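Peer 1: sequence and predicted structure are below.
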Amino acid sequence: MAKMAASVVETGEDAFRKIFKLYKRRNPPPDFSDVIDFSECVTTDKVVPVKLDPAAVSDGDAAKVGLRPVKDWKAFNLQGYPGFIFITNPFLRGSQLFWVRQCLKTYPQKPNVCNLDMHMSPIDTQDIWDKSVPNLSSPSVGKTEPRTLLERLRWVTLGYHYNWNSKTYSASHSTPFPTELHLLSYQIATACGFPGFIAEAGILNYYKSDSSLGIHVDESELDHSRPLLSFSFGQSAIFLLGGTHRQDTPTAMYMHSGDLMVMSGQSRLFYHAVPRIVPTHQKVEALESDRCGWHSGWQGGAVVERVSEEDWAVCARYIHSSRINMTVRQVLGQGQNFPETPPRPGHPEERQEDDEDRMKRRRKSDSFNINNT
């Protein structure tokens with residue numbers, strides 16, 4: 001990354017923005033040779049393998065949420081990024097399918113909140129999955145615009161619902177956080193040295209092939225001592241992780257389906273972004289084949305269940321060209337409460353994006369074209 005960064009960044013400039021634009025560029029396409037690929041398990045002076053405590057989470061508890069034994073996880077630290085942990089696909093074979101289905105079929109449903117609520121009545125967005133299945137189950141030729149509600153989905157919020165205008169959470173705007181997603185997050189946080197993690201808020205982002213996520217810091221949670229967990233499913237993406245200032249040159253890395261990141265300590269408040277989705281159909285095809293190798297060794301009490309052929313036909317069609325990202329956070333620390341003064345009311349907007357992207361979005365006349373470009 002150093003050579004590429006030096007060629008596009010000058011002293012005093014917004015280094016992060018320069019690298020973001022570089023990887024977002026379509027013509028000519030950027031050079032991806034400096035992008036770290038943790039799935040290749042290559043140890044360098046920057047990529048350092050980390051051993052997690054296998055006794056922190058029992059094999060049975062891990063399996064109940066679809067995870068392999070902790071001793072089999074491949075985890076890495078990055079030099080210069082204290083508290084950052086990257087784990088390459090710790091999921092048991094077949095269990096990713098369950099989480100993809102939850103993100104597409106279950107979590108967008110009411111009472112959770114999504115971007116479509118900005119333009120449509122609750123009745124119209126009540127059954128996003130059921131209303132989308134007839135048109136999404138079969139392929140289309142020459143499709144240029146989203147034709148189903150599921151394809152128009154850009155974000156969903158869970159638990160304490162994030163207010164995109166005020167960039168705050170509040171006690172008055174919340175719904176029950178999904179139990180199974182809390183259990184998954186709890187086991188991962190525990191394995192990474194954060195016992196007692198309470199999943200209180202989730203933001204799901206739905207990326208099309210031309211989507212991106214602007215440069216930002218996740219600082220709205222009242223307790224920053226708790227980690228932020230990020231899950232990736234479907235198509236791969238390039239993730240940029242910088243420092244506490246936008247002048248800090250970011251490091252680029254791939255996030256493949258099943259990969260997860262834990263941002264804690266100093267890295268919890270580092271700038272980050274997703275400039276580009278990178279189609280990797282081989283990895284998605286491998287995910288689809290997992291259904292044939294469904295792991296059948298789960299004990300009683302497992303929250304992961306087998307996905308039906310009918311449901312997976314829809315999910316597979318979706319992730320063939322799209323990516324889903326889940327971020328899970330603990331909002332309040334022990335003994336903390338929300339401020340008594342409620343945040344300024346407002347309707348949720350699109351997920352965070354930089355100023356240039358925001359201006360482009362405002363110029364779009366189609367209210368349903370809520371692309372994160």
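Peer 2: Okay, I see it. Numbers count the residues shown, from 1 in each chain.
Peer 1: so how far is T168 from E221?
Peer 2: 10 Å (Cβ to Cβ, to the nearest Å). No exception for glycine: its C-beta is placed from N, CA and C like everyone else's.
Peer 1: pLDDT below threshold where in the stretch 101-250 of the chain?
Peer 2: 137-146 (pLDDT under 70).
Peer 1: show me where it has strands.
Peer 2: Shown for the stretch 101-250 of the chain, the strands assigned by DSSP state E, counting those that start in this stretch span residues 113-114, 155-159, 201-207, 213-216, 228-234, 236-241.
Peer 1: any chance of JSON lines for those, columns mean neighbour count and distance to R68?
Peer 2: As requested, those are arranged in JSON lines below (neighbours: other Cβ atoms under 10 Å; distance: least, Cβ to Cβ, whole Å):
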{"stretch": "strand 113-114", "mean neighbour count": "22", "distance to R68": "31"}
{"stretch": "strand 155-159", "mean neighbour count": "24", "distance to R68": "25"}
{"stretch": "strand 201-207", "mean neighbour count": "23", "distance to R68": "23"}
{"stretch": "strand 213-216", "mean neighbour count": "20", "distance to R68": "28"}
{"stretch": "strand 228-234", "mean neighbour count": "25", "distance to R68": "15"}
{"stretch": "strand 236-241", "mean neighbour count": "24", "distance to R68": "20"}
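Peer 1: I123 is nearest to which of these?
Peer 2: Closest approach to I123 among the strands of the stretch 101-250 of the chain (Cβ to Cβ): strand 113-114, 14.0 Å.
Peer 1: more neighbours: E221 and T168, which one.
Peer 2: E221 (22 against 19; other Cβ atoms under 10 Å).
Peer 1: in contact with that one, which residues are there?
Peer 2: Each residue near E221 by Cβ atoms under 8 Å, 6 or more residues apart in numbering is listed here: Y169, A201, L228, R329, Q330, V331, L332.
Peer 1: picking that back up, adding distance to Y186, write the strands of the stretch 101-250 of the chain out as TSV.
Peer 2: TSV is the format used below for the strands of the stretch 101-250 of the chain (distance: least, Cβ to Cβ, whole Å):
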stretch	distance to Y186
strand 113-114	23
strand 155-159	14
strand 201-207	13
strand 213-216	25
strand 228-234	10
strand 236-241	24
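Peer 1: out of those strands, flag the one nearest A55.
Peer 2: Going by Cβ to Cβ, the one of those nearest A55 is strand 228-234, 20.6 Å.
Peer 1: okay, now the sheet partners of that closest one, with direction.
Peer 2: Using DSSP bridges, the strands paired with strand 228-234 are strand 260-263 (antiparallel), strand 323-329 (antiparallel).
Peer 1: can you list the ones you listed in CSV and add mean neighbour count, mean pLDDT and distance to I123?
Peer 2: Shown next, in CSV, are the strands paired with strand 228-234 (neighbours: other Cβ atoms under 10 Å; pLDDT from 0 to 100; distance: least, Cβ to Cβ, whole Å):
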stretch, mean neighbour count, mean pLDDT, distance to I123
strand 260-263, 24, 97, 35
strand 323-329, 24, 97, 25
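Peer 1: so which of these gets nearest S211?
Peer 2: Across those, the minimum distance to S211, taken as Cβ to Cβ, is reached by strand 323-329, at 7.8 Å.
Peer 1: for that closest one, which outside residues touch it?
Peer 2: Contacts of strand 323-329 with the rest of the structure, by Cβ under 8 Å, 6+ apart, involve 99-100, 103-104, 181, 185, 199-207, 211, 218, 221, 226, 228-237, 255, 274, 277.
Peer 1: now do that strand: distance to the chain's middle.
Peer 2: From the chain centre to the centre of strand 323-329 is a distance of 3 Å (Cα atoms, centre = their mean, to the nearest Å).
Peer 1: just want the angle from that strand to strand 155-159.
Peer 2: Interaxial angle of strand 323-329 relative to strand 155-159 (axes from the mean of the first three to the mean of the last three Cα atoms, to 10 degrees): 30 degrees.
Peer 1: report the angle between strand 323-329 and strand 236-241.
Peer 2: Using the same axes, to 10 degrees: strand 323-329 against strand 236-241 is 40 degrees.
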